[in-house]
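Chemist: Starting from these lines, generate the structure:
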Amino acid sequence: MASREALIEAFGLKDVTRAGWVRAGVENPESVAAHSWGMALLATQLCPDDLNLQRVLELCILHDLAEVRVGDITPHDGISPDEKHRMETEAIGEMGVDAREIFAEYEAQMTPESQFVRYLDKFDMALQAEIYESQNLDLTEFKKAVEEW
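Modeler: Numbering: from 1, shown residues only. The predicted structure is shown next:
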């Protein structure tokens, strides 16, 4: 069971701003925790009956938890996917929250649940881009991610 200190650290995800939205010029962009909540909401509404909804929700909630330590690394940051994975795996291992197995499952994309959650990750981003476009921003690149998936 996670300690009080580990849980408090994990709650820090509420304060990690989504870096892609910052780069795109969004005013008051969502946090990584808000993104995870959006994915979980989508999961409750869209999860196919043949998938384990509890596992899908765990994946939604925990897949970005390492970002509380390493930040929201985007492809524009110049960090290779392998280095990003190494940094996030190390962070998850040190945090004291039971999330290693979930993180590994999501990263490996070997289960139908993890693959569905990857889709939700993209779908949440595309829906959020539509919301942020009211700020007169062209966020087509974010919406295309779900179309390409």
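Chemist: Count the residues that sit near Thr111.
Modeler: Residues lying near Thr111 (other CB atoms under 10 Å) number 16. (Each C-beta comes from the backbone N, C-alpha and C, glycine too.)
Chemist: can you pull the contacts of Gly20?
Modeler: Gly20 makes contact with Asp72, Thr74, His76, Met125, Phe142 under the criterion CB atoms under 8 Å, 6 or more residues apart in numbering.
Chemist: make it 7 Å
Modeler: Residues in contact with Gly20, defined by CB atoms under 7 Å, 6 or more residues apart in numbering, are Thr74, Phe142.
Chemist: How about the contacts made by Asn52?
Modeler: The neighbourhood of Asn52, defined by CB under 7 Å, 6+ apart, consists of Glu113.
Chemist: Tell me how far the residue positioned nearest the centre of the chain lies from Ser134.
Modeler: For the chain, the residue sitting closest to the mean C-alpha position, by CA atoms, centre = their mean, is Asp64 at 4.3 Å. Distance from Asp64 to Ser134, counting by CB to CB, to the nearest Å: 25 Å.
Chemist: Where does pLDDT dip in this structure?
Modeler: Using pLDDT under 70 as the threshold, the predicted model of the chain has low-confidence ranges 148-149.
Chemist: what's the single longest helix in it?
Modeler: When secondary structure is assigned using DSSP state H, the longest helix within the chain turns out to be helix 112-132.
Chemist: Wait, the residue nearest to the centre of the chain touches Ala34, no?
Modeler: No: when contacts are counted by CB atoms under 7 Å, Asp64 is not listed as touching Ala34 (10.9 Å).
Chemist: Let's see stretch 86-93 as CSV, backbone CA atoms only.
Modeler: Listed next in CSV are the C-alpha coordinates belonging to stretch 86-93 (Å, rounded to 0.1, in the frame of the first residue of the first chain):
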residue,chain,number,x,y,z
ARG,A,86,13.8,4.9,-19.2
MET,A,87,13.2,8.1,-17.3
GLU,A,88,9.5,7.3,-16.7
THR,A,89,10.2,3.7,-15.7
GLU,A,90,12.8,4.9,-13.2
ALA,A,91,10.4,7.5,-11.8
ILE,A,92,7.6,5.0,-11.4
GLY,A,93,9.9,2.6,-9.7
